[in-house]
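# Sequence and predicted structure are below.
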Amino acid sequence: MAKKKNRVSTDGGDESLGDNPFGSLDLSGLPKGPPPAARTTEPVPEKTKPTKSRGRVDVIRQRSAGGGGWMTVAKNFVGISSEEKNALKKQIQKRCGVGGSLKGGNIEIQGDKREEIRDVLEKAGFRVVFAGG
């Protein structure tokens, strides 16, 4: 036969649950806290990035090489480093859940993901223009 489990009652009848473990601490050496009205905090405003445009980026959809499916290419980045393009590529890949690469300064993403790419690039401050097919 299985052993009977010892269960603790939660209906409030047991005094062991009502004991305050901090009740025996000596608080005489501690400073008084601020009054209750001063403890209220104001809501922290959201940090918003400036809406400065970082330039135009063309997003096109084209057939991938070898007769495969569609691929989306973001090109014509002006004035950003390859490290920043690689970071943008990783954000886009994570958002879309697909693979991609950085070739010739262009970000190539597998599949027709123009809308998702637009969202990521606009948050980064770029003006996105859909070009081509």
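That came through, no problem. Numbers count the residues shown, from 1 in each chain.
# Could you pull out the buried residues of the helix or strand hosting residue 120?
Assigned by DSSP states H and E, residue 120 falls within helix 114-123. For helix 114-123, the neighbour count (16 or more other Cβ atoms under 10 Å) marks 114, 116, 117, 118, 120, 121 as buried. Where you see a C-beta, it was placed from the backbone N, CA and C, and this is true even at glycine.
# And that helix, how far out from the chain middle?
14 Å (Cα atoms, centre = their mean, to the nearest Å).
# any idea which helix or strand comes after it?
strand 127-130.
# As PDB, could you dump the C-alpha coordinates of that following strand?
This file holds the C-alpha atoms of strand 127-130, laid out as PDB (Å, rounded to 0.1, in the frame of the first residue of the first chain):
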ATOM      1  CA  ARG A 127      12.600  54.900 -45.200                       C
ATOM      2  CA  VAL A 128      11.600  51.700 -46.900                       C
ATOM      3  CA  VAL A 129      10.400  51.700 -50.500                       C
ATOM      4  CA  PHE A 130       9.100  48.600 -52.200                       C
END
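# ok, that strand: who's next to it in the sheet?
strand 56-63 (parallel) (DSSP bridges).
# what angle separates the strand it pairs with from helix 114-123?
Angle, strand 56-63 to helix 114-123, by axes from the mean of the first three to the mean of the last three Cα atoms, to 10 degrees: 160 degrees.
# residues in contact with strand 56-63?
69-78, 112, 114, 117-118, 121, 126-133 (Cβ atoms under 8 Å, 6 or more residues apart in numbering).
# coming back round to it: packing partners for the helix holding residue 120?
Helix 114-123 sits against strand 56-63, strand 70-75, helix 82-96, strand 127-130, with contacts defined as 3 or more Cβ pairs under 8 Å, 6 or more residues apart in numbering; DSSP states H and E.
# Tell me if I'm right that residue 108 and residue 71 touch.
Yes - using Cβ atoms under 8 Å, residue 108 is in contact with residue 71, at 5.8 Å.
# returning to that earlier point: pick the most buried one from the helices and strands packed on helix 114-123.
Ranked by mean neighbour count, these are led by strand 70-75 with a mean of 20 (mean count of other Cβ atoms under 10 Å).
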